[in-house]
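[1] coords please:
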Amino acid sequence: MELLTKEIREKFRSHPCGCQDGKYGEAEILAKYFLPCTRWTWMITEAEEMPNGDFYLYGYVLSGLDVDFDEWGGVMLSELEELSAPRPFDCLGVERDIHMKKGCTVNEMLKEMGRDPLVRHSYSMDYPEEMDEDESEV
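    Next comes the predicted model:
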């Protein structure tokens, strides 16, 4: 399946990383990808095209491990293109949700999936330049 259509490429180019910072669960999903027969789901809200033509994708990820590992994070498009489901479904690769409604937010998608909305998760790609002394001992 083609993960990057012309329409999605344009959406990615018009939503650089950081453009939806602070919207939390109200961030608009540009594309939704999933790995069949697993829990892995990527709700992409921002993207940056790299000099080599690959895209760095950022959004909310439903971890294949457990709900406790769901988080905001980034992945390269090329990494998604290389993934396959575990055996015996390893012939299946990441797919694009072609039924996702346009303008859908992360919270709307989570509700549709029977999940609680995001309220306490941070949504920032910024990392502290320095850690406080108390934090470094954790």
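
[2] For the rest of this, base every contact and every neighbour count on C-alpha atoms.
    OK.

[3] Mean pLDDT per helix and strand in the protein: which one sits at the bottom?
    Every helix and strand of the chain was ranked by mean pLDDT, DSSP states H and E. The lowest is helix 133-136, at a mean of 49.

[4] Based on its surroundings, how many neighbours for D90?
    12 (other Cα atoms under 10 Å).

[5] and it, helix, strand or coil?
    coil (DSSP: H, G, I helix; E, B strand; the rest coil).

[6] what do you get for K11?
    Under three-state DSSP, K11 comes out as helix.

[7] so it touches L30, yeah?
    Yes. With contacts counted by Cα atoms under 8 Å, K11 reaches L30, the gap being 6.4 Å.

[8] Which one of these two is surrounded by more residues?
    Between K11 and L30, counted using other Cα under 10 Å, L30 has the larger neighbour count: 24 against 17.

[9] low-scoring pLDDT stretches of the protein, where are they?
    Across the chain, the ranges flagged by pLDDT under 70 are 86, 119-138.

[10] just the strands in it please.
    For the chain, the strands defined by DSSP state E occupy 31-34, 41-49, 55-62, 71-76, 95-96.

[11] Given the third one, what are its sheet partners and their directions?
    Translated: strand 55-62. strand 41-49 (antiparallel), strand 71-76 (antiparallel) (DSSP bridges).

[12] now the first one
    Applying DSSP bridges to the sheet, strand 31-34 is found paired with strand 41-49 (antiparallel), strand 95-96 (antiparallel).

[13] still on that earlier bit, deepest-packed of the strands of the chain, please.
    Comparing the strands of the chain by mean neighbour count (mean count of other Cα atoms under 10 Å), strand 41-49 comes out on top with a mean of 24.

[14] residues in contact with that one?
    For strand 41-49, the external contacting residues (Cα atoms under 8 Å, 6 or more residues apart in numbering) are 12-13, 15-20, 27-35, 55-64, 106.

[15] Tabulate the CA atom coordinates of it in CSV.
    Output in CSV follows, covering the C-alpha atoms of strand 41-49 (Å, rounded to 0.1, in the frame of the first residue of the first chain):
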residue,chain,number,x,y,z
THR,A,41,-1.0,2.8,15.3
TRP,A,42,0.6,6.0,14.3
MET,A,43,-1.6,9.2,14.2
ILE,A,44,0.6,11.7,12.4
THR,A,45,0.0,15.3,13.3
GLU,A,46,3.2,17.0,12.0
ALA,A,47,6.0,16.1,9.5
GLU,A,48,9.3,17.4,8.2
GLU,A,49,10.8,16.5,4.8
